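1. Sequence first, predicted model second:
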Amino acid sequence: MKFQDMLEGVETLSQRGGAEVTGLEYDSRRIKPGNLFVAMRGESSDGNRFIDQAISSGAVAIVTDSPSEGERMGVAWARVAHGRRAVATLSANFYRHPIEKIAATGITGTNGKSTTAFLVEAILKAAKRRSLLIGTIEYHVAGRILPAPHTTPEALELNRLFAEASSEGVNEAVMEVSSHALEQERVYGIPFDVAAFTNLTRDHLDYHHTMEQYFAAKRILFEGCGTSAPRVSVLNGDDEYGVKLIDMSRKRSQVLTYGLSHGDFHPIKAEMTPRGTRLAIATPAGSLDTFSQLIGRVNVYNILCAAAIGHARGCSGEAISEGISTLTHVPGRFQRVDCGQPFTVVVDYAHTDDALRNLTLLAREFVRQAGQKGRVLTLFGCGGDRDRNKRPLMGEAAGRGSDMVFLTSDNPRGEDPLSIINDALVGLQKSGVKYKIEPDRRAAIALAIGEANDGDIVLLAGKGHEKMQITRMGPLPFDDVEVARQALSAAGFDCAAYAAAGKN
């Protein structure tokens, strides 16, 4: 594609020269001969430092957001006002606007995004539509599973995924949209047909600093990021920030609300058992009966949100009900590890105080509905190099919802694990719960499983689907599910037999 054609719609401050461009990158290490290099300032680094490296690797065109970089001879050149917006428009042009062939649904909120996205994908599949899923756990392209480096990738990767998906007949995209992605305009220029909001609780304040700024980032999805507002906004009427969005969005979009007792989508009946949740849901199209293998109050919210999104995307009640019923589990979200032991072991991604509160409440419901007098044993840690102020809140939430807590490491990153543990310990001690401290997460998991009696539930919280633990030494392989299986095997349970039988 010609350089001038790629610049169509880009806010350029100056431009010179022309070239035939074979691809584009914003990482100079990935430049190939004939590529365009977008040199832009990021959160922790400045791509403008690598312009000469990109040229030596074969870049034939440079787009820079730096006012101080001088033009280089022998390459096409453009200076832009905003690097990330330029990447979004350049990549959309290069891949010939693939999103125009796909109806995009964006889901944002602190908790519940992944489960809701998986539910929506299942609903779309039941409606015989081919979909693309982009989220925290993994990416799905027409049924193929790809690793997910980021919840919401940069615009260049998004347009590549849209182009690949479109070439395979995909006509629906379901995206988790993070607050970082919204504030950094990674989704600039993407027209969302439907936008959904799950909830907002304390998280990422190391980046956003205040809840008001965190909410302001989330709000962008419902205002439009370089586009008009979504056609339909699906909003949680039980959440205080959801109520604010309802008031704001009615001026811009069709609004569908959901909640436990009111809203366009709400349960008429809800029966929860250890095997799943049976629901009769009030909808604008009448009552909808469904059964989900997901359990707990938090998943009722996720199901309601997904049902509303399915309705907004024109799916029939039958497809919505079928999709909800076919999703057996979401990786790392209340995922059971069963090796035939007489107690329950669950791996969950809960990594905020609100998520821990919901998780322990769900666990308490689970053992009660099973007709047992089991205890709730919770293992958790806090992430390093993140908001320190939420650590005591997490400790208190875990303590108040549990009978015993095992405080350990999560992803300590560059911090001393013991320092992180001490921050969380303040809140944990405030709860008055019995606790044990073990900084080694593998040893802590074995300790928690060794403590469990018949009928107890062991919650391994914080890492969920993650396959690595991030430490000062770098990422190390670590999978809570696999480590739990190893601990159960060491305790004498036959995990291999259960795996062979397809029960785990």
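-> Received it, and whenever you're ready, just let me know what you need.

2. State the pLDDT value of residue 387.
-> Looking at residue 387, its pLDDT reads 87.

3. any weak-confidence spans in the stretch 51-200 of the chain?
-> Counting by pLDDT under 70, not a single residue of the stretch 51-200 of the chain qualifies.

4. downstream neighbour of the helix or strand in which residue 300 is found in the secondary structure list?
-> According to DSSP states H and E, residue 300 maps onto helix 297-312. Using DSSP H and E, the helix or strand that follows helix 297-312 towards the C-terminus is helix 317-326.

5. So which residues of the stretch 351-500 of the chain form helices?
-> Counting by DSSP state H, counting those that start in this stretch, one finds helices in the stretch 351-500 of the chain at the ranges 353-369, 390-401, 417-431, 441-451, 480-490, 495-500.

6. Check those for me and report the most buried one.
-> When those are scored by mean count of other Cβ atoms under 10 Å, the highest mean neighbour count falls to helix 390-401 (a mean of 24). (Glycine included, C-beta is placed from N, CA and C.)

7. now that one: how far from the chain's centre is it?
-> In terms of Cα atoms, centre = their mean, to the nearest Å, the centre of helix 390-401 is set 22 Å apart from its chain centre.

8. From the contact counts, what lies against it?
-> helix 353-369, strand 376-380, strand 404-407, helix 417-431 (3 or more Cβ pairs under 8 Å, 6 or more residues apart in numbering; DSSP states H and E).

9. What are the contacting residues of it?
-> 202-203, 205, 351-354, 356-357, 359-361, 363-364, 376, 378, 380, 382, 405, 407, 420, 423-433, 435, 461 (Cβ atoms under 8 Å, 6 or more residues apart in numbering).

10. tilt between the helix holding residue 300 and helix 353-369?
-> Interaxial angle of helix 297-312 relative to helix 353-369 (axes from the mean of the first three to the mean of the last three Cα atoms, to 10 degrees): 110 degrees.

11. quick one: average pLDDT of helix 297-312?
-> Helix 297-312 comes out at a mean pLDDT of 96.

12. In that helix, which residues are buried?
-> 298-312 (16 or more other Cβ atoms under 10 Å).

13. Show me how the record splits the protein into domains.
-> What automatic domain parsing lists as the domains of the chain is 3-82, 98-326, 335-500.

14. Could you report the pLDDT at residue 206?
-> Reported pLDDT for residue 206: 67.

15. and if you look at the one 3 residues further on?
-> We have a pLDDT of 73 for residue 209.

16. about what we covered before: nearest to residue 89, out of the domains of the chain?
-> domain 3-82 (4.8 Å; Cβ to Cβ).

17. Quick one: end-to-end length of the closest one, please.
-> Domain 3-82 has an end-to-end distance of 18 Å (criterion: Cα to Cα, to the nearest Å).

18. what's stretch 482-492 in contact with?
-> Residues outside stretch 482-492 that contact it (Cβ under 8 Å, 6+ apart) are 337, 339, 341, 345, 347, 441-442, 445-446, 449-450, 460, 495-496, 504.

19. Just give me how far it sits from the chain centre.
-> Distance, centroid of stretch 482-492 to centroid of chain: 28 Å (Cα atoms, centre = their mean).

20. got CSV for the helices and strands packed on helix 390-401, with mean pLDDT and distance to residue 93 too?
-> Output for the helices and strands packed on helix 390-401, formatted as CSV (pLDDT from 0 to 100; distance: least, Cβ to Cβ, whole Å):
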stretch, mean pLDDT, distance to residue 93
helix 353-369, 89, 40
strand 376-380, 98, 46
strand 404-407, 98, 51
helix 417-431, 96, 45
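
21. Show me the one of those that comes nearest residue 70.
-> Between those, helix 417-431 lies closest to residue 70; by Cβ to Cβ that is 45.6 Å.

22. which outside residues touch the closest one?
-> 380-384, 388, 391-400, 405, 407-410, 412, 435, 437, 439.

23. Can you add distance to residue 92 and give the domains of the chain back as CSV?
-> CSV is the format used below for the domains of the chain (distance: least, Cβ to Cβ, whole Å):
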stretch, distance to residue 92
domain 3-82, 8
domain 98-326, 6
domain 335-500, 30
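
24. on that earlier part again, quick check: which of the helices and strands packed on helix 390-401 is nearest to residue 53?
-> Taking these one by one with Cβ to Cβ, helix 417-431 is closest: 36.7 Å.

25. Measure how that closest one sits relative to strand 376-380, angle-wise.
-> Using the same axes, to 10 degrees: helix 417-431 against strand 376-380 is 150 degrees.

26. gap between helix 417-431 and the chain center?
-> For helix 417-431, the distance to the chain centre is 26 Å (Cα atoms, centre = their mean).

27. Ok, stretch 447-462 next?
-> 26 Å.

28. Can I get that stretch in PDB, CA atoms only?
-> Provided in PDB are the C-alpha atoms of stretch 447-462 (Å, rounded to 0.1, in the frame of the first residue of the first chain):
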ATOM      1  CA  LEU A 447      -0.500 -26.500  53.200                       C
ATOM      2  CA  ALA A 448      -4.100 -25.400  52.500                       C
ATOM      3  CA  ILE A 449      -5.000 -28.700  50.900                       C
ATOM      4  CA  GLY A 450      -3.500 -30.500  53.800                       C
ATOM      5  CA  GLU A 451      -5.600 -28.600  56.200                       C
ATOM      6  CA  ALA A 452      -8.900 -29.500  54.400                       C
ATOM      7  CA  ASN A 453     -11.400 -31.900  56.000                       C
ATOM      8  CA  ASP A 454     -14.400 -33.600  54.500                       C
ATOM      9  CA  GLY A 455     -17.000 -31.100  53.200                       C
ATOM     10  CA  ASP A 456     -14.600 -28.100  53.300                       C
ATOM     11  CA  ILE A 457     -13.900 -25.900  50.300                       C
ATOM     12  CA  VAL A 458     -10.400 -24.600  49.500                       C
ATOM     13  CA  LEU A 459     -10.200 -21.400  47.500                       C
ATOM     14  CA  LEU A 460      -6.900 -20.700  45.600                       C
ATOM     15  CA  ALA A 461      -7.500 -17.100  44.700                       C
ATOM     16  CA  GLY A 462      -5.700 -14.500  42.700                       C
END
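
29. For that stretch, the averaged confidence score.
-> The predicted model assigns stretch 447-462 a mean pLDDT of 96.

30. sorry, back to before: could the helices of the stretch 351-500 of the chain be laid out in TSV, adding distance to residue 66?
-> Formatted as TSV, those follow (distance: least, Cβ to Cβ, whole Å):
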stretch	distance to residue 66
helix 353-369	40
helix 390-401	36
helix 417-431	37
helix 441-451	43
helix 480-490	43
helix 495-500	54
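
31. Looking at these, which is nearest to residue 280?
-> Per Cβ to Cβ, nearest to residue 280 of those: helix 353-369, 18.8 Å.

32. ok and the closest one relative to helix 390-401, angle-wise?
-> Using the same axes, to 10 degrees: helix 353-369 against helix 390-401 is 10 degrees.
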